[in-house]
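Chemist: based on what follows, work out the 3D shape:
(2 chains)
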Protein chains: 2
Amino acid sequence: MDELLTKLCQTWHSTIPVSEFMQIRPLNFSGGEFSTTAPIMPNLNLHQTMFAGSIYTLMTLTGWGMVWLQQQMLSVEGDIVLADAHIRYMAPVTQSPEVKVRWPDTDLSPLQRGRRVKVRLEVQLFCEAKLCAVFEGLYVSTPKA
Amino acid sequence: MDELLTKLCQTWHSTIPVSEFMQIRPLNFSGGEFSTTAPIMPNLNLHQTMFAGSIYTLMTLTGWGMVWLQQQMLSVEGDIVLADAHIRYMAPVTQSPEVKVRWPDTDLSPLQRGRRVKVRLEVQLFCEAKLCAVFEGLYVSTPKA
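Modeler: Got it, this is the predicted structure:
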């Protein structure tokens, strides 16, 4: 699992410069649950709390990472893109947060038969055990040509 | 107007490190319409198009900037935060985009009487004249204590 998380982190940082600047990194992956974090410093806003754009980006990549991890576990390939998202900010984020997502047991096997798969994920952001933001995103994975 | 846009750009870059890294900058402000842009290079994803998180951040700050500009025009002060947002990605962004927002003529005078104001803004992102993303955000401005 640790090897998979290292590979995911390298993929993010080497292909998405903003993710490296934000210092986004995976925390844990249990198969059914995945968590990430980022430090507060490069992600400040003018209220000295975490910037709304950084919160969204961290949550988006957490969802994307979950689909990527599931694909790696099944040895299936697919280009994952975000089609649609909704985010609600409930409280300011004053410390490095923990972002969590659960896998809804979506069947990824259509990718092996050349069909695309849609996955709707709910991602939660906690700061000192308090739920501060909720993100819902629709991800689409397309079989590689 | 140019002075106001310079002040806005400095506010972003000096208080939100991610906005400086992304090289987000104001383009035009006519009073009723405001536009921004960012180069593609620091904002790439692993498909070599603009990263979903960068697109969202640019659109969020465009809306935020519009509320800030309206407040400056009326010489009223308020802390502006994003409460809620929805984004739909319609096409990949392959070039430096133009992001536009129109002011819905929301009355900001309650701020002068110590009351907060809510503004719902629709922001559009164009790439080579094609509409590639639509963002809707609810901004709340709270009178400064």
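
Chemist: going forward, measure contacts between C-alpha atoms and count neighbours the same way
Modeler: Fine.

Chemist: in contact with the residue nearest to A:Q124 when sequence neighbours are not counted, which residues?
Modeler: Nearest in space to A:Q124, with sequence neighbours left out and distances taken as Cα to Cα, 6 or more residues apart in numbering or on different chains, is A:V134 at 4.8 Å. By Cα atoms under 8 Å, 6 or more residues apart in numbering or on different chains, the contact set of A:V134 is A:87-90, A:122-125.

Chemist: make it 10 Å
Modeler: A:55-56, A:59, A:86-90, A:99-100, A:122-126, B:84 (Cα atoms under 10 Å, 6 or more residues apart in numbering or on different chains).

Chemist: what is the burial count for A:W64?
Modeler: Using other Cα atoms under 10 Å in any protein chain shown, A:W64 has 20 neighbouring residues.

Chemist: in what helix or strand does it lie?
Modeler: Taking DSSP states H and E as the definition, one finds A:W64 inside helix A:52-74.

Chemist: got the angle between that helix and helix B:52-74?
Modeler: Calculated by axes from the mean of the first three to the mean of the last three Cα atoms, to 10 degrees, helix A:52-74 forms an angle of 170 degrees with helix B:52-74.

Chemist: buried set for helix A:52-74?
Modeler: Neighbour counts using 16 or more other Cα atoms under 10 Å in any protein chain shown place A:52-71 of helix A:52-74 among the buried residues.

Chemist: near chain B at all, that helix?
Modeler: Yes. Under the criterion of Cα under 10 Å from any Cα of the partner chain, helix A:52-74 makes contact with chain B via A:52-61.

Chemist: ranges for the helices of chain A?
Modeler: Taking DSSP state H as the criterion, chain A carries its helices at A:2-15, A:17-21, A:52-74.

Chemist: could those helices go into a markdown table alongside mean pLDDT?
Modeler: As requested, these are exported to a markdown table (pLDDT from 0 to 100):
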| stretch | mean pLDDT |
| --- | --- |
| helix A:2-15 | 96 |
| helix A:17-21 | 98 |
| helix A:52-74 | 98 |
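
Chemist: export those to JSON lines and tack on distance to B:F34?
Modeler: Below are the helices of chain A laid out as JSON lines (distance: least, Cα to Cα, whole Å):
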{"stretch": "helix A:2-15", "distance to B:F34": "31"}
{"stretch": "helix A:17-21", "distance to B:F34": "25"}
{"stretch": "helix A:52-74", "distance to B:F34": "19"}
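
Chemist: thought A:E20 was touching A:S14?
Modeler: Yes. The pair A:E20 and A:S14 passes the contact test of Cα atoms under 10 Å, sitting 7.6 Å apart.

Chemist: among the contacts of A:V134, name the buried ones.
Modeler: Buried among the contacts of A:V134 (16+ other Cα under 10 Å): A:55-56, A:59, A:86-89, A:99-100, A:122-126, B:84.

Chemist: so where is chain A shaky, pLDDT-wise?
Modeler: A:145 (pLDDT under 70).

Chemist: since we're on the nearest residue to A:L82 once chain neighbours are set aside, how many residues are nearby?
Modeler: With sequence-adjacent residues excluded and distances taken as Cα to Cα, 6+ apart, A:L82 is closest to A:Y139, at 4.5 Å. Other residues within reach of A:Y139, judged by other Cα under 10 Å, total 21.
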